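Asker: just need the structure, nothing else, for what follows:
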Amino acid sequence: MTKKLFKHLNYYLMLFIIFTVGVITTVFASPNKNLQIITIVATIILYVIWGILHHKINHELTKKITTEYLLIGLLGLSIIFFIFTGGI
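Answerer: Numbers count the residues shown, from 1 in each chain. Next comes the predicted model:
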């Protein structure tokens, strides 16, 4: 487990940076909901692209993995739009 963690440390660090920058920019854009949505969508797109690239470089990229990243991204996007439209 530890060996696998260190082998992919750059991948996890980059994901952490993507999400951290996404959260920080979303918080600073708080008065402007449209800008918040844009930053969230950009963060989700970067997550999907980074995940697919990681698997293409380090593993075998399959249609199943690509579909999984796309569906997780769409799920996150659906949750965010549900929250922003006052669905709760």
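Asker: when you work out contacts or count neighbours from here on, use the C-alpha atoms and nothing else.
Answerer: Noted.
Asker: roughly how far apart are residue 25 and residue 3?
Answerer: Counting by CA to CA, to the nearest Å, the gap from residue 25 to residue 3 is 33 Å.
Asker: so for those two, which residue has more residues nearby?
Answerer: Under the criterion of other CA atoms under 10 Å, the comparison of residue 25 against residue 3 puts residue 25 first, with 16 against 8.
Asker: pull the number of nearby residues for the closest residue to residue 44 other than its chain neighbours.
Answerer: Nearest in space to residue 44, with sequence neighbours left out and distances taken as CA to CA, 6 or more residues apart in numbering, is residue 73 at 5.7 Å. Counted with other CA under 10 Å, the neighbours of residue 73 add up to 19.
Asker: I'd say residue 73 and residue 49 touch.
Answerer: No. Between residue 73 and residue 49 there is no contact under CA atoms under 8 Å: 10.1 Å.
Asker: centre of the chain to the helix or strand where residue 39 lies, how far?
Answerer: Secondary structure assignment for residue 39, by DSSP states H and E: helix 33-58. Centre-to-centre, helix 33-58 and its host chain are 4 Å apart (CA atoms, centre = their mean, to the nearest Å).
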